[in-house]
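Chemist: any chance you could fold what I've pasted below:
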Amino acid sequence: MSRRRALGQHFLRDPAIARAIVGLVAPTARDLVVEIGPGHGALTGELAGRTGRLLALEVDPALVAELGARFAGVEVREADARSFDYAALTAPSGGRALVVGNLPYSVGTLILLALLRAHAAIAEMALMLQREVAERVAAAPGGRVYGSLSILAQLHWEVRVALRVPAGAFRPPPKVASAVLHLKALPAPRVAVQDERHFERVVRAAFSQRRKKLANALAAGLGAPLEGVRAAAAGAGVDPGRRAETLTILEFARLAERLS
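Modeler: Purely as a prediction, here's the structure:
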């Protein structure tokens, strides 16, 4: 429990919420489901009877033992979800690889980023997160919460906030609001990106100093000459005086190409 509290984990206890979360991805006997942070098994119980193979990743060895005793047909593995190799997941023949989880709030963004990068292996996800993070991931350009996480998620995923979850659904109740993200992997990226690592560097640099104009933030974040950044933005058809939160994914892709 102490390790869980240190990670900001709150155990889901509402069976109706658990059913709603599992219903978002609608697992079948042909699917592989990876559950992150099973805790005392609220989601595990819903998943175990609906999917062909269930792999539960749990960081607490005491809970690994508890879950293993309760759910004989579930593969419960003591593992850190931040470093698990999601890209190596292989969907069963005719089925999908799905991820469902109640992510520890203190490391939820790190786990989410690892999952987002595995878009080629994972078909669909339903993830409980701090509501602030969930809304940031699903945000559209121009809003206050739109940022690098929004862009990096939406490049390869269809994203929506599917459920808002009250504090009373957890034990102990969290002091922050919670929400469930529903993500579906796109068959191809929204826009063509030649070098995704470079694209990510450009996006992160643009948002590294949100109050600055785009060219100034990029120059500081990339360690590049300001005039060169201005020229690259102009060549990409982007006003260098704009703020990063006003740019679409397509505009960031054009900008990254010019800055390569």
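Chemist: contacts only, for residue 96.
Modeler: Contact analysis of residue 96 by CB atoms under 8 Å, 6 or more residues apart in numbering lists 30, 31, 32, 123, 124. In short, each C-beta sits where N, CA and C put it, glycine included.
Chemist: which ChimeraX command selects the buried ones in the residues you listed?
Modeler: Here is the ChimeraX command that selects the buried residues among the contacts of residue 96 (16 or more other CB atoms under 10 Å):
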select :31,32,123,124
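Chemist: need the max-distance pair from the contacts of residue 96.
Modeler: Maximum pairwise distance among those (CB to CB): 13.3 Å, between 30 and 124.
Chemist: wait, residue 157 sits on residue 181?
Modeler: No. Residue 157 lies out of contact with residue 181 (CB atoms under 8 Å); the separation is 9.3 Å.
Chemist: ok, the closest residue to residue 244 other than its chain neighbours to residue 181 distance?
Modeler: Of all residues beyond its chain neighbours, the one nearest residue 244 is residue 206 (3.9 Å), with distances taken as CB to CB, 6 or more residues apart in numbering. Separation of residue 206 from residue 181 (CB to CB, to the nearest Å): 23 Å.
Chemist: for residue 198, same thing?
Modeler: Distance, residue 198 to residue 181, by CB to CB: 26 Å.
Chemist: which one's more surrounded, those two?
Modeler: Using other CB atoms under 10 Å as the criterion, residue 198 and residue 181 rank with residue 181 on top: 25 against 15.
Chemist: next one, pLDDT for the more buried one please.
Modeler: At residue 181, the predicted lDDT confidence score is 98.
Chemist: adjacent strands (with direction) for the strand or helix carrying it?
Modeler: Element membership for residue 181, per DSSP states H and E: strand 178-185. Using DSSP bridges, the strands paired with strand 178-185 in its sheet are strand 124-130 (antiparallel), strand 157-165 (antiparallel).
Chemist: how many other residues sit next to residue 192?
Modeler: By the measure other CB under 10 Å, the count of residues near residue 192 is 9.
Chemist: now the most centrally placed residue in the chain, what's its secondary structure?
Modeler: What sits nearest the mean C-alpha location of the chain, by CA atoms, centre = their mean, is residue 112, with 3.1 Å. Counting by DSSP: H, G, I helix; E, B strand; the rest coil, the backbone at residue 112 sits in helix.
Chemist: so it sits against residue 133, correct?
Modeler: Yes. Counting by CB under 8 Å, residue 112 touches residue 133, with 7.5 Å between them.
Chemist: okay, and the common contacts of these two?
Modeler: Common neighbours of residue 112 and residue 133 (criterion: CB under 8 Å, 6+ apart): residue 149.
Chemist: now the element after the strand holding residue 181, going C-ward?
Modeler: Downstream of strand 178-185, the first helix or strand assigned by DSSP H and E is helix 196-206.
Chemist: pLDDT of that following helix, averaged?
Modeler: 97.
Chemist: contacts for that helix next, please.
Modeler: With contact meaning CB under 8 Å, 6+ apart, helix 196-206 is reached by 148, 151-152, 155, 193, 214, 217-218, 220-222, 244, 247, 252-253, 255-256, 259-260.
Chemist: now restrict those residues to buried residues only.
Modeler: Among the contacts of helix 196-206, those classed as buried by 16+ other CB under 10 Å are 148, 151-152, 155, 193, 214, 217-218, 221-222, 244, 247, 252-253, 255-256, 259.
Chemist: sort out for me which of those residues are in helices.
Modeler: Among the buried ones among the contacts of helix 196-206, DSSP state H puts 148, 151, 152, 214, 217, 218, 221, 222, 252, 253, 255, 256 in helices.
Chemist: make TSV out of those residues and add distance to residue 104 and pLDDT.
Modeler: Output for these, formatted as TSV (distance: CB to CB, whole Å; pLDDT from 0 to 100):
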residue	distance to residue 104	pLDDT
148	21	97
151	24	98
152	20	97
214	34	97
217	31	97
218	33	97
221	29	96
222	32	97
252	30	98
253	32	98
255	34	97
256	32	97
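Chemist: tally of neighbours for the residue lying closest to residue 253 once chain neighbours are set aside?
Modeler: Spatially, and ignoring its direct neighbours in sequence, residue 253 is nearest to residue 191 (4.4 Å; CB to CB, 6+ apart). Residue 191 has 14 neighbouring residues, counting by other CB under 10 Å.
Chemist: sounds good, over and out.
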